[in-house]
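**Student:** how would this look folded up:
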Amino acid sequence: MKDLGALSYFLGLEISQDSSGYFLTQAKYTSDLLAHARLTDCKTVTTPVDPQNCFTPLDDPLLSDVTLYRQLVGSLVYLTVTRPDIAYAVHIVSQFMTAPRSPHYSALVRILCHLKGTLFHGLHYSPLSFLQLQAFSDADWAGDPTDRRSTTGFCFFLDNSLISWRSKKQTLVARSTATNLYCDNQSAIQIAHNDVFYDRTTHIEIDCHFIQQHVTSGHVGLLFVTSADQTADLFTKAHLPGRFSDLLSKLKLISDLPP
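**Tutor:** Model (predicted):
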């Protein structure tokens, strides 16, 4: 083994540190990606997704060459390691990897144009952070125009440091309103209407008591947050520049401009 000194570059990740903590970015990786897409001189945009756009798998003819599209999307997926601001946008374009079309490629180009203007953005981690875990979770409502599935987004903070996030389309269609469900199992109906447990529902009882125990003890808190302060909203839908910038500030995504 050999001591290579302080970590500075690893698999496309650039790590710098000072008295305030660690800063992670992928500026060189992003620059190389723009060059590969021949977008080094492209005009910049303030948001990675246009809220007015609506994408379906049937838009326009198929791309004649899908290789570049797939390469760029794959690279963008890796770029989300330090760029949570493009997580929702990448989640959108990655859904059309099998049969991409012109509007999908245009959406891909927009992400790259956004990256061009935010080349040195990255995540900052402070050594002074308290070991307090906070989580935000949100979902849109039937956002996909093709199958009406919703998109779930979440993010976890350790004090003020963002440590985990995701934007993912739900596997099933969800309804926000109640519906009648007919069932020929009286036990199942009784369990659904009260919190009395039976021998056959031991696994349910364990899960319920597990969560209830942590909520009661204060290890897990269930708190209401207004829509304006819902940080996870960034991972569920496209936003106008003002709202996008506001949500971005909550993620503590900062820019480390080179000297």
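
**Student:** For residue 57, list the residues it contacts.
**Tutor:** 95, 96, 99, 101, 146 (Cβ atoms under 8 Å, 6 or more residues apart in numbering). To be clear about C-beta, it is placed using only N, CA and C from the backbone, and glycine gets the same treatment.

**Student:** Compare those and tell me which is most surrounded.
**Tutor:** Tallying neighbours with other Cβ atoms under 10 Å puts residue 96 at the head of the contacts of residue 57, with 23 neighbours.

**Student:** so what's that one closest to, chain neighbours aside?
**Tutor:** Nearest residue to residue 96 in three dimensions, chain neighbours excluded: residue 104, at 4.4 Å (Cβ to Cβ, 6 or more residues apart in numbering).

**Student:** What is the neighbour count of the one you found?
**Tutor:** Neighbours of residue 104 using other Cβ under 10 Å come to 26.

**Student:** Could you report the neighbour count for residue 229?
**Tutor:** Residues near residue 229, counting by other Cβ under 10 Å: 12.

**Student:** if I look at it, how far off is residue 169?
**Tutor:** 24 Å (Cβ to Cβ, to the nearest Å).

**Student:** cool, residue 38 as well?
**Tutor:** Relative to residue 169, and taking Cβ to Cβ, residue 38 is found at 30 Å.

**Student:** Looking at the two, which has the bigger crowd around it?
**Tutor:** A direct count of neighbours by other Cβ under 10 Å for residue 38 and residue 169 places residue 169 higher, at 16 against 10.

**Student:** Bridge partners for that one, pull those for me.
**Tutor:** residue 151 (DSSP bridges).

**Student:** Kindly report the same for residue 124.
**Tutor:** residue 23.

**Student:** ok, it touching residue 159?
**Tutor:** No: when contacts are counted by Cβ atoms under 8 Å, residue 124 is not listed as touching residue 159 (11.8 Å).

**Student:** out of those two, which sits in the busier spot?
**Tutor:** The neighbour comparison of residue 124 against residue 159 (other Cβ under 10 Å) goes to residue 124, with 18 against 14.

**Student:** any idea how far that one is from residue 228?
**Tutor:** In terms of Cβ to Cβ, residue 124 sits 24 Å off from residue 228.

**Student:** pretty sure residue 153 is in a strand, no?
**Tutor:** Yes: assignment of residue 153 by DSSP: H, G, I helix; E, B strand; the rest coil places it within a strand.

**Student:** Make 30 the first number, not 1, from now on.
**Tutor:** Shifting the count to begin at 30 puts that one at residue 182.

**Student:** How confident was the prediction at it?
**Tutor:** pLDDT for residue 182: 87.

**Student:** Kindly report the same for residue 230.
**Tutor:** pLDDT, residue 230: 66.

**Student:** swap in the one 5 residues further on?
**Tutor:** On the pLDDT scale, residue 235 is placed at 78.

**Student:** Please report phi then psi for it.
**Tutor:** phi -60, psi -50 (degrees, to the nearest 10).

**Student:** what's around it, how many residues?
**Tutor:** There are 11 residues near residue 235, going by other Cβ under 10 Å.

**Student:** Pull up the gap between it and residue 250, please.
**Tutor:** Counting by Cβ to Cβ - residue 235 and residue 250 are separated by 21 Å.

**Student:** Likewise for residue 257?
**Tutor:** Taken as Cβ to Cβ, the span from residue 257 to residue 250 is 20 Å.

**Student:** Can you name the residues that contact residue 274?
**Tutor:** residue 75.

**Student:** Check what pLDDT it gets.
**Tutor:** 88.

**Student:** how far does the helix or strand where it lies sit from the chain's center?
**Tutor:** Using DSSP states H and E, residue 274 sits within helix 270-279. In terms of Cα atoms, centre = their mean, to the nearest Å, the centre of helix 270-279 is set 14 Å apart from its chain centre.
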